[in-house]
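> Whatever this is, show me its structure:
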Amino acid sequence: MSALESGRALGGRTLRDFTTSLKWTASCLAMSVSLSVGAFAQETTDAPEDDVARQDTVVVTAERRSQDVLDAPIAVTALSPDMLEAKGVTDFSELRNAAPSLSISDASVTKNVNIRGIGLNVVSPVVSSGVAIYRDNLFMPNTIGLNEPFFDIAGIEVLRGPQGTFVGQNSTGGAVLISTKDPKIDGKLDGNISLEAGNYNLLKASGATDLPINDKLEARVAFNIESRDSFYDNQGGDAQPGKVDQMHFRGGLRFEPTDTLGFTLKADAGSRDTGGFASVPIPQGDYGAYAVSGDYNIAYDREDVRNHEKTARIGLTGEWDFTDSGHVLRSVTGYQYLSQDMLWDDDATTRDEQYRDWYFSDNVFSQELNIISPDEDRLNWILGVYYYEDVLKVDLETTASFAPGLPVSAGALTSAADVRTKKSGQSIFGQVSYDLTDSLEIEGGARYSIDETESQLSVVRGTIPASFALNLAFDDAFDDENVTGKIGLNWEVNADHFIYGFVAEGYKAGALNAGGSVADAERVRDYELGWKASLLEGRLRSQLNAFYMEYENYQQSVVDTVTGSGLSTVQNTGESEIMGVEYEGSLSVGNWNFDLGFAYVDSSIGSISLLDTRAIPAPVRILGPQCQAGQTTGCFDYSPFIVTLDGRPNPYSPEFKYSLGAQYTVLLENSEIIIRADYTHSDEQYASLFQDPNFDLLEERDLLNASVTYFSGDWRVQLYANNLTDEVYRSGYYLDQSFFNGAPRQFGIRVNRAF
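Here you go, the predicted structure:
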């Protein structure tokens with residue numbers, strides 16, 4: 001089916017609404033241009049050069065080349081270290097307040113990361129995410145590892161839309177590139193040390209320094225040590241789920257034996273202890289009647305709840321300029337280890353109803369090779385090959401007495417699950433761009449991917465009565481092959497205006513379920529048009545883009561009714577259309593600086609029928625297989641609880657999201673003071689397609705951060721407050737039992753000394 005036929009097949013709404021979005025974008029573009037022209041007309045041509053508050057160029061490497069973000073033909077949010085500190089972004093979750101269309105929600109052992117409503121909607125470490133996340137060029141296949149703090153960061157880039165023609169791992173929703181600072185060979189011993197204290201007994205120390213060795217070799221070391229009390233008051237005992245005690249260390253070496261050859265070696269390790277997960281029973285859920293009152297009050301009967309996370313990572317990057325004309329061979333080799341040891345009070349009450357003992361480990365090896373052409377030619381290209389292997393292990397023991405209404409004589413249900421999964425991927429990809437004229441460039445790219453999964457699963461469940469017992473053993477494998485591509489046109493209107501458009505495809509590998517069923521791979525096709533500009537002599541920098549996406553084979557977690565085991569499986573639930581507009585801009589006027597981010601996302605999933613297990617009367621929802629015609633015993637009729645959903649928005653996809661930052665600089669004789677405030681609004685969003693306001697709703701939120709920073713020489717002192725209004729909001733759900741609250745108001749002081 002052609003792109004045009006595909007668009008028509010989705011109905012009149014698609015073309016009409018997308019046309020409306022394009023018209024709206026064109027109107028915004030025209031308004032921005034007219035405003036800038038008007039401003040130019042009012043400027044005095046002989047104004048002193050010093051009166052013009054130009055902004056620094058923001059450099060990104062999204063396409064494996066260093067370029068100004070305004071020259072990159074892609075929707076990207078680029079955050080420098082100074083921007084991260086100004087916005088109060090100290091870990092991955094806080095990125096949701098700094099990038100349009102990015103949603104990050106808590107989901108117990110994982111985080112659901114979505115861009116434009118595409119990413120991850122399944123609470124499982126063995127299911128791939130549609131948003132590829134990299135730390136120092138190494139792909140992180142599991143979102144369990146996203147709890148590491150940000151320290152000694154060089155920059156973060158959030159790429160929106162499908163990726164794959166110039167980066168290692170394919171993705172459907174986008175990618176997040178996290179880069180830490182490299183050692184730099186300059187012969188200088190320099191660095192910084194930072195101390196922080198805040199409410200909830202927060203104490204934090206971090207720092208980094210370069211260590212020159214000789215004129216060809218330099219090292220860099222960095223650390224972050226932090227402790228904080230839990231936001232929650234546990235009224236059930238002495239356990240403190242939700243606290244933070246963590247230590248992370250990083251070391252790096254930069255070696256340049258010749259002018260054309262260089263290597264960067266980085267290794268980091270860390271441990272994190274949160275005393276278990278802190279969640280609140282859903283009032284309408286099975287355990288809601290036993291919850292204590294108060295937004296941040298919990299009552300856990302288990303004193304031994306725990307959550308210990310360990311991470312280790314080593315990566316070697318090499319670059320060889322192997323021709324006189326500047327062709328570069330680039331290699332990225334990496335190994336990552338992650339483990340999690342957890343005991344969770346599942347019912348989150350003082351009743352001894354349900355708990356889980358969980359151990360997870362992950363070993364990842366990856367290798368990427370690129371050949372990159374020089375930038376100066378009319379024909380530029382990148383060619384890459386990529387391989388990764390991900391070996392996961394999950395051991396889970398669950399004990400459940402069930403809640404309200406279950407006779408005591410029924411006894412407790414216990415289960416033990418062992419999962420061993422090996423995922424591997426091989427791909428070849430490339431992208432070519434050619435200058436048709438001095439201002440017009442055409443680009444095209446393609447990717448061929450092979451993804452393989454091998455999985456062994458055993459589940460043993462024993463209980464009284466025996467009718468709920470289960471003994472399941474499973475050993476199977478499957479593979480996916482896929483070809484995706486991109487074609488685009490880039491027009492440099494003049495030195496200040498850049499327009500781009502493209503059609504790109506992305507794909508996310510399928511999932512293997514217990515019993516051998518396979519969920520097909522997700523696919524997305526993205527039509528995108530964008531405008532970037534530097535206006536008012538560099539004081540105003542703008543990025544505006546509109547997109548329309550066709551999303552196929554949406555993967556959704558559902559309950560297995562074929563065997564009646566009560567286990568969740570991943571199934572494809574239909575097609576989705578997503579369209580929207582995004583804007584990012586920054587303006588400098590005298591001592592004032594402003595930045596604005598905006599996203600409008602309209603998504604709609606076609607008609608699907610799903611089983612809503614929450615409609616089945618509690619407490620027992622493991623009821624056997626679906627009854628066949630004429631069968632009345634040893635089965636259950638699920639049909640009354642199957643609902644048809646039509647036109648629902650994608651989960652984790654707020655319709656409107658916007659942020660505004662403003663700061664004022666007070667210049668003193670030998671120092672300065674920066675006063676800053678950041679406001680973020682996110683519309684309501686849902687954690688599942690059912691959109692039950694009791695179990696799925698993440699309410700709209702309005703968050704305000706503020707800070708005052710004093711700079712004097714090598715010293716920096718900052719007073720800060722995050723969530724200044726102390727807004728209470730749900731940041732995610734755990735199954736259908738409990739929810740997580742976002743962080744309450746936090747305030748403190750940071751002192752930094754550079755040397």
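
> going forward, measure contacts between C-alpha atoms and count neighbours the same way
Noted.

> middle-most residue in this protein, spatially?
residue 113 (3.8 Å; C-alpha atoms, centre = their mean).

> Next one: residue 324, what pLDDT does it get?
You'll see residue 324 listed with a pLDDT of 88.

> What backbone torsions are found at it?
phi -70, psi -30 (degrees, to the nearest 10).

> burial measure for residue 668, as a count.
Number of residues near residue 668 (other C-alpha atoms under 10 Å) recorded here: 10.

> chain center to the helix or strand hosting residue 365, what's the gap?
Per DSSP states H and E, residue 365 falls inside strand 354-372. On the basis of C-alpha atoms, centre = their mean, to the nearest Å, strand 354-372 sits 16 Å off its chain's mean C-alpha point.

> Sheet-wise, list the partners of the helix or strand following that strand with their directions.
Sequence-wise, the next helix or strand downstream of strand 354-372 (DSSP H and E) is strand 379-400. Partners of strand 379-400 in the sheet, by DSSP bridges, are strand 354-372 (antiparallel), strand 413-435 (antiparallel).

> Find the residue ranges of the protein scoring beneath the pLDDT cut-off.
Within the chain, the ranges that satisfy pLDDT under 70 run 1-57, 62, 125, 401-413, 461-470, 515, 563-566, 618-623.

> Quick check: longest strand in the protein by residues?
strand 470-494 (DSSP state E).

> Who are the packing partners of it?
Strand 470-494 is packed against strand 440-462, strand 497-508, with contacts defined by 3 or more C-alpha pairs under 8 Å, 6 or more residues apart in numbering; DSSP states H and E.

> Run a quick neighbour tally on residue 749.
With other C-alpha under 10 Å as criterion, residue 749 counts 17.

> same question, residue 85
For residue 85, the tally of surrounding residues (other C-alpha under 10 Å) stands at 13.

> Name the SS class of it, please.
Under DSSP: H, G, I helix; E, B strand; the rest coil, the three-state class of residue 85 is helix.

> what's the straight distance from one end of stretch 695-715 to the other?
End-to-end distance of stretch 695-715: 48 Å, with C-alpha to C-alpha, to the nearest Å as the criterion.

> er, stretch 73-88 I mean
Terminal residues of stretch 73-88 are spaced 28 Å apart (C-alpha to C-alpha).

> So what touches that stretch?
Residues outside stretch 73-88 that contact it (C-alpha atoms under 8 Å, 6 or more residues apart in numbering) are 58-60, 69, 90, 94, 98-100, 153-161, 490, 499-501, 530, 543, 545, 584, 676, 678, 705, 707, 722.

> make it 7 Å
60, 99, 153-160, 490, 500, 678 (C-alpha atoms under 7 Å, 6 or more residues apart in numbering).

> Could you pull up phi and psi at the residue nearest to the centre of the chain?
The phi/psi pair for residue 113 (degrees, to the nearest 10) reads phi -110, psi 120.

> Nearest residue to it in space, please, no chain neighbours.
Once flanking residues are discounted, residue 113 sits nearest to residue 104: 4.7 Å by C-alpha to C-alpha, 6 or more residues apart in numbering.

> any chance of the strands paired with strand 379-400 in TSV, with mean neighbour count too?
Below are the strands paired with strand 379-400 laid out as TSV (neighbours: other C-alpha atoms under 10 Å):
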stretch	mean neighbour count
strand 354-372	20
strand 413-435	19
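
> Let me have those in CSV, extended by distance to residue 256.
As requested, these are exported to CSV (distance: least, C-alpha to C-alpha, whole Å):
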stretch, distance to residue 256
strand 354-372, 19
strand 413-435, 28
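
> before we move on, back to that, just flag the most distant two among the contacts of stretch 73-88.
Distance extremes for the contacts of stretch 73-88: the farthest pair is 490 and 678 at 33.3 Å, using C-alpha to C-alpha.

> Isn't residue 313 up against residue 269?
Yes: if you go by C-alpha atoms under 7 Å, residue 313 and residue 269 touch, sitting 6.4 Å apart.

> who does the residue lying closest to residue 429 once chain neighbours are set aside bridge with?
Nearest residue to residue 429, sequence neighbours excluded (C-alpha to C-alpha, 6+ apart): residue 447, at 4.2 Å. As for beta bridges, residue 447 partners with residue 429, residue 484 under DSSP bridges.

> cool, the one 5 residues further on as well?
On the basis of DSSP bridges, residue 452 takes part in beta bridges with residue 424, residue 479.

> Let me know how buried it is, in neighbour terms.
Neighbours of residue 452 using other C-alpha under 10 Å come to 18.

> cool, the one 3 residues further on as well?
For residue 455, the count of nearby residues is 21 (other C-alpha under 10 Å).

> That one against residue 418, yeah?
No: counting by C-alpha under 7 Å, residue 455 does not reach residue 418; the two are 10.5 Å apart.

> Include distance to residue 83 when you put the helices and strands packed on strand 470-494 into CSV, please.
Output for those, formatted as CSV (distance: least, C-alpha to C-alpha, whole Å):
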stretch, distance to residue 83
strand 440-462, 31
strand 497-508, 24
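
> tell me the most buried of these?
Per-stretch averages of neighbours, counted by mean count of other C-alpha atoms under 10 Å, single out strand 497-508 among these, with a mean of 23.

> Could you please name the strands the helix or strand just after that one pairs with and the direction of each pair?
Of the helices and strands lying after strand 497-508 in sequence (DSSP H and E), the nearest is strand 511-512. Strand 511-512 has the following strand partners under DSSP bridges: strand 518-519 (antiparallel).

> Can you name every helix or strand that the following helix or strand past the partner strand contacts?
Counting by DSSP H and E, the next helix or strand C-terminal to strand 518-519 is strand 522-535. With contacts taken as 3 or more C-alpha pairs under 7 Å, 6 or more residues apart in numbering; DSSP states H and E, strand 522-535 sits against strand 497-508, strand 540-552.

> Could I have the CA atoms of the last one written out in CSV?
When you say that, I think you mean strand 540-552. The C-alpha trace of strand 540-552 is given here as CSV (Å, rounded to 0.1, in the frame of the first residue of the first chain):
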residue,chain,number,x,y,z
LEU,A,540,15.1,34.5,19.3
ARG,A,541,15.6,30.8,18.4
SER,A,542,12.5,28.8,17.3
GLN,A,543,11.6,25.3,16.3
LEU,A,544,8.1,24.5,15.0
ASN,A,545,7.0,21.2,13.5
ALA,A,546,3.8,19.3,12.6
PHE,A,547,3.5,15.6,12.3
TYR,A,548,1.0,12.9,11.3
MET,A,549,1.8,9.3,12.2
GLU,A,550,0.2,5.9,11.3
TYR,A,551,0.8,3.4,14.0
GLU,A,552,0.1,-0.3,13.4
